[in-house]
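Peer 1: the following block contains a protein sequence and its predicted model.
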Amino acid sequence: MDSYPQADQLLVRNLKDAGCAEADIQRFLKLGQEGRQREQLRLLAMHRATLLDQLHVSQRQIDCLDYLIYQMNNR
């Protein structure tokens, strides 16, 4: 974290907290330096979509467990 300029440290912390990989963080910062905000937004949207897909998979797994628990409690 200290390897980033102080101006970028909060942004980098936010990206790390959001689960972004180091390579994606580097790419995001490079795009920002180049003034390519649309591509930065696209990168964030892609990461968001990945997280949402993971959430849906986890929700389906929880639903399966809930059904199994329900079945076992009603025997």
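Peer 2: Ah, there it is.

Peer 1: for Cys20, helix, strand, or coil?
Peer 2: Here Cys20 is coil, with the state taken from DSSP: H, G, I helix; E, B strand; the rest coil.

Peer 1: what's the closest non-adjacent residue to it?
Peer 2: In space, not counting the residues next to it along the chain, Cys20 is nearest to His47; the distance is 5.9 Å by C-beta to C-beta, 6 or more residues apart in numbering. Where C-beta positions appear, they are placed from N, C-alpha and C, glycine not excepted.

Peer 1: for that neighbour, what are its contacts?
Peer 2: Under the criterion of C-beta atoms under 8 Å, 6 or more residues apart in numbering, the neighbours of His47 are Ala18, Gly19, Cys20, Asp24.

Peer 1: can we see that at 10 Å?
Peer 2: Contacts for His47 (C-beta atoms under 10 Å, 6 or more residues apart in numbering) come out as Leu15, Ala18, Gly19, Cys20, Ala21, Asp24, Phe28.

Peer 1: drop anything exposed from those residues.
Peer 2: Neighbour counting with 16 or more other C-beta atoms under 10 Å marks Leu15, Cys20, Asp24, Phe28 as buried within the contacts of His47.

Peer 1: ok, so of those residues, who is nearest Leu51?
Peer 2: Proximity of these to Leu51, judged by C-beta to C-beta, is greatest for Cys20, which lies at 9.9 Å.

Peer 1: look at that closest one and report its pLDDT.
Peer 2: In the predicted model, Cys20 carries a pLDDT score of 98.

Peer 1: what residues are up against it?
Peer 2: Shown here is Cys20, whose contacts under the criterion C-beta under 10 Å, 6+ apart are Val12, Asn14, Gln26, Arg27, Phe28, Leu43, Leu44, His47, Leu51.
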